[in-house]
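1. pasting the sequence and the predicted coordinates here, then a few questions.
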Amino acid sequence: MFESLQPMPADAILGLIAEHRDDPRPEKIDLGVGVYRNARGETPVLDVVKQAERRLVDTQDTKAYIGTAGAASFNAAMQSLAFADAAPDDRLSTLQTPGGSGSLRVAAGLILRARDNATIWVSEPTWNNHVPLLGGAGLTLKPYPYYDGERHVIRTDAMLEALRAIPRGDLVLLHSCCHNPSGLDPSEQLWREVTEIIVERELVPFIDMAYQGFARDLDNDAFAVRHMANKVPEMIVSTSCSKNFGLYRDRVGALSFLVPDDSTRAVLASQASSYVRTMYSMPPDHGAAVVSTILEDDALRAQWIVELDAMRDRLCEMRGLLHGALETKAPDHDFSHLVRAMGMFCFLGVTAGQVGILKRDFGVYMVDSSRINVAGITPDNVDYLAESIAAVL
């Protein structure tokens with residue numbers, strides 16, 4: 001049966017993980033894998049998550065199925081975290097999904113049920129898994145300009161011009177904050193301009209919010225979602241708890257729809273339930289139960305925000321450290337985009353050939369595009385990293 005299958009090319013990030021793991025050099029640095037790490041290179045379980053898990057162990061009295069939409073308490077908490085009071089509940093429908101990736105894939109399936117020839121426009125560049133998740137489901141994907149790789153800025157004029165030319169009714173995929181991979185986000189004013197075009201062209205915004213709380217804070221990072229919710233009749237929002245709760249392996253995400261009225265909301269909820277039943281039947285419970293436990297308890301929520309702020313502050317600090325070290329060790333090169341970007345990712349701005357030399361000669365690992373995860377930087381390795389980068393420029 002399977003003899004006709006051919007091996008698929010290895011995932012670039014997974015390949016880097018293996019290469020870094022097997023590299024015997026003690027000074028090696030991994031800037032590729034997309035998870036948060038502390039100054040010791042660990043991806044810790046948040047203290048508040050451990051507290052919530054202990055509470056669940058003591059109080060949870062069943063492991064029965066939770067239904068296709070997931071836990072109602074989780075859905076309500078995540079919907080409030082994303083939208084606050086920007087839209088009435090009778091226009092919103094939220095379901096729990098297996099991570100942000102599961103959210104994106106369910107959204108793609110429901111879009112295709114509604115419109116089998118749907119086209120979605122994605123930023124150039126975008127997260128590399130957007131294409132297989134959405135395009136692999138059957139959506140037509142087309143690019144719009146976003147990042148200038150030479151000047152390390154958002155291509156504002158080109159982006160707005162492209163959005164104005166998108167056919168009416170098409171979808172536009174937007175990164176709410178911490179744009180992956182560039183790390184450069186629109187200002188609030190630019191978001192307002194984008195929203196005006198979306199309203200004028202009757203486009204459907206599809207917002208991927210995988211890093212809420214990692215750019216500025218929970219409320220500011222949801223500005224695009226909440227501003228558009230006040231302006232548009234329809235919107236799709238995909239959220240993830242992998243980064244801001246550190247629940248990577250527990251696969252916790254949510255998918256929200258803003259629709260014109262309650263009757264449409266009821267129809268969409270039934271379609272979502274039907275679609276989920278054909279994919280994974282129902283989402284896993286544990287991680288989502290942890291999240292709702294935290295968000296529904298004032299003390300736990302306050303502690304979570306403190307831990308989230310500490311993760312965000314560390315990323316900002318590491319950007320500043322690398323930028324400062326490169327100003328000293330490579331003064332003829334402008335790396336100011338390192339401190340203008342937000343979140344875990346940005347482009348370093350070196351060539352694929354230089355990326356190869358960094359790996360071969362210095363044990364510094366990143367993908368060929370030079371997208372780096374700044375969580376791999378520490379106070380102990382930043383000088384070595386800057387010296388290595390300066391050596392290949």
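-> Yep, it's here.
2. which residue is nearest the centroid of the protein?
-> Ala210 (2.9 Å; Cα atoms, centre = their mean).
3. ok, it - contacts?
-> Residues near Ala210 by Cβ atoms under 8 Å, 6 or more residues apart in numbering: Gly100, Trp127, His175, Cys178, Asn180, Ser238, Thr239, Ser240, Ser242, Lys243. Using the backbone N, CA and C atoms, a C-beta is placed for each residue, glycine as well.
4. how much space between it and Phe74?
-> As for Ala210, its distance to Phe74 is 17 Å (criterion: Cβ to Cβ, to the nearest Å).
5. hang on, the earlier thing: among the contacts of Ala210, which lie within helices?
-> Gly100 (DSSP state H).
6. just the buried members of the contacts of Ala210?
-> Gly100, Trp127, His175, Cys178, Asn180, Ser238, Thr239, Ser240, Ser242, Lys243 (16 or more other Cβ atoms under 10 Å).
7. name the nearest residue to Ala391, ignoring sequence neighbours.
-> Phe362 (7.3 Å; Cβ to Cβ, 6 or more residues apart in numbering).
8. and for that neighbour, the neighbour number?
-> Per other Cβ atoms under 10 Å, the neighbour tally for Phe362 reads 19.
9. low-confidence ranges, the chain, go.
-> Counting by pLDDT under 70, the chain contains no low-confidence segment.
10. just the helices in it please.
-> 12-22, 47-59, 72-83, 99-114, 130, 156-164, 188-201, 223-229, 262-279, 286-296, 298-329, 337-340, 352-362, 382-392.
11. in the last one, what's buried?
-> The neighbour-count check on helix 382-392 (16+ other Cβ under 10 Å) flags Val382, Tyr384, Leu385, Ala386, Ser388, Ile389, Ala390, Val392 as buried.
12. and the first one, what does it touch?
-> This points to Val382. Counting by Cβ under 8 Å, 6+ apart, Val382 has contacts Met318, Leu321, Leu322, Ala325.
13. among those, which pair sits farthest apart?
-> Spatially, the most separated pair among these is Met318 and Ala325, at 10.6 Å (Cβ to Cβ).
14. looking at the two, which is more packed in?
-> Met318 (23 against 20).
15. sorry, back to before: so which of the helices of the chain comes closest to Phe214?
-> Of these, nearest to Phe214 by Cβ to Cβ is helix 298-329, at 5.4 Å.
16. and the contacts of stretch 326-339?
-> The contact list for stretch 326-339, computed with Cβ under 8 Å, 6+ apart, reads 152-153, 183-184, 319-320, 322-323, 346-347, 349, 374, 386-387, 389-390, 393.
17. buried subset of those residues?
-> Buried members of the contacts of stretch 326-339, counted by 16+ other Cβ under 10 Å: 152, 183-184, 319, 322-323, 346-347, 349, 374, 386, 389-390.
18. can you tell me which two in those are farthest apart?
-> Greatest spatial distance in the buried ones among the contacts of stretch 326-339: Leu184 and Ala390, 23.5 Å, computed using Cβ to Cβ.
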